[in-house]
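Participant: sequence plus predicted model, see below.
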Amino acid sequence: MSNAKGIPQSGADILVQCLINHGVDTIFAYPGGASMPLHQSLTKVTNKLRTILPRHEQGGAFAAEGYARTTGKMLCACPPPALAQPTL
């Protein structure tokens, strides 16, 4: 798939653009090997999407929930590559 300028985009680029299109301005993301393309795509849009990197996935989940509850804003929490984490 290509963007408006005809530059090919990866799936991670498309996902990040969808988040921005839906009004997400903050993402809590815990990096891991399989999620590195997502994190690389996030570095391209630092002016539109704030990325918070927690030190532990449980802490990231709690921080994301607290952020959403206190601000009322939509946000995204990306778990590490094993998507079936019991903490998220």
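Facilitator: Ah, there it is.
Participant: what helix or strand is Leu42 located in?
Facilitator: If you go by DSSP states H and E, Leu42 is part of helix 36-42.
Participant: which neighbouring elements make contact with that helix?
Facilitator: helix 11-21, strand 26-29 (3 or more Cβ pairs under 8 Å, 6 or more residues apart in numbering; DSSP states H and E). Any C-beta I mention is one placed from the backbone N, CA and C, and that applies to glycine too.
Participant: how about it: buried residues?
Facilitator: Leu38, His39, Ser41, Leu42 (16 or more other Cβ atoms under 10 Å).
Participant: now stretch 47-61
Facilitator: Result for stretch 47-61 [16+ other Cβ under 10 Å]: buried residues Leu49, Thr51, Pro54, Glu57, Gly60, Ala61.
Participant: need phi/psi at the last one.
Facilitator: Think Ala61. Main-chain torsions, Ala61, degrees, to the nearest 10: phi -70, psi -40.
Participant: picking that back up, contacting residues around the helix holding Leu42?
Facilitator: Here helix 36-42 makes contact (Cβ atoms under 8 Å, 6 or more residues apart in numbering) with Ser10, Gly11, Ala12, Asp13, Leu15, Val16, Ile27, Ala29, Pro31, Leu49, Thr51, Cys78.
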